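[1] Mind looking at a prediction? Sequence and model below.
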Amino acid sequence: MQKTELIILGTGNATVTRCYNTCFALKRNNDFLLVDAGGGNGILSQLEKVGIPYSGIHEIFVTHAHTDHILGIIWMIRIIAQQMNQGKYTGTLKVYGHDKVVTVLNTMCELMLPKKITVHINKDILFCELQHGDTFTAIGMNFQCFDIQSTKEKQYGFRTTLPNGKSLVCLGDEPYNETNRSFVEGADWMLCEAFCLYEDRERFKPYEKHHSTALDAGKLAQQLGIKNLLLYHTEDKTLATRKEKYGAEAKENFSGNVFVPEDLEVIAL
């Protein structure tokens, strides 16, 4: 059986300084799908720390165009184009996202990157536009994307079936919308945002920012029949106790397994 790993590159929300912005990679054999890239060139450091070579990344999925998810993509495009120019990267890089993601990437690359980099765009760096319900293939697996129905910023999540037959769902970084039940229900693994603990809601104001708490995530996972719940996109003021306390709060209403990873943690799926 081929092993698939989830490599957590960042676990924090947009304004964290003690951990990196939420992004991760799926590893199958020696191939990697990068999902988002955080808000800057810190993505390069995170990839180096976990030993992910640029040459192993041929697909990237971008959930939405908020700064803490998309700006790191510009650095990925820059470094991979440089590797192409140096003969260190073979094949194409496909960057998947909805129409706004593609528009933002095209605009930023045109305004911010030199010609020796942008010459690769639409040649061997391809921006692939997705619509709700579309499928795409990455690391030899099929993914189906869905619009999470955000009221703030258009955002896509996805569902995929792993080589071992288990299902994995990425909900993005906002609360679940019931219109997406068919994409989410019964998943073996669900990645879900939890901005803070419910007991800390007055301190961090998750609901004002249209985010959830660990308590909310646990309730949701139980209702949807999820087996393994992974929490991320959190505040960074309670890192010393985050794993224990977020896990305990989610478990108050959830009978499955809860994972509250640190940056750079690797989880076997």
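    Looks like it came in fine. Residues are numbered from 1 along each chain as shown.
[2] remind me which residues of the chain are low pLDDT?
    1 (pLDDT under 70).
[3] Tell me which residues of the longest helix anywhere in it come out buried.
    Longest helix in the chain by number of residues (criterion: DSSP state H): helix 67-85. Neighbour counts over helix 67-85 (16 or more other C-beta atoms under 10 Å) mark 68-81, 83-84 as buried. (Each C-beta comes from the backbone N, C-alpha and C, glycine too.)
[4] Tell me which helix or strand comes right after that helix.
    Following helix 67-85 in sequence order, the next helix or strand is strand 93-97 (DSSP states H and E).
[5] chain center to that next one: distance?
    From the chain centre to the centre of strand 93-97 is a distance of 14 Å (C-alpha atoms, centre = their mean, to the nearest Å).
[6] before we move on, back to that, what's in contact with the longest helix of the chain?
    13-14, 21-23, 34, 36-44, 54-55, 57, 60, 62-64, 89, 93, 95, 101, 104-105, 108-109, 112-113, 116-118, 120-121, 124-125, 173 (C-beta atoms under 8 Å, 6 or more residues apart in numbering).
[7] repeat for stretch 248-263
    8-12, 19-20, 46, 194, 197-199, 213-215, 217-219, 221-222, 226-232, 239, 242-243, 246-247, 267.
[8] Please, where are all the strands along the stretch 1-150 of the chain?
    4-10, 23-28, 31-35, 57-61, 93-97, 125-129, 135-138, 141-147 (DSSP state E, counting those that start in this stretch).
[9] and the angle for the helix or strand immediately after the last one in the chain with strand 23-28?
    Using DSSP H and E, the helix or strand that directly follows strand 141-147 along the chain is strand 156-161. Counting by axes from the mean of the first three to the mean of the last three C-alpha atoms, to 10 degrees, strand 156-161 points 20 degrees away from the direction of strand 23-28.
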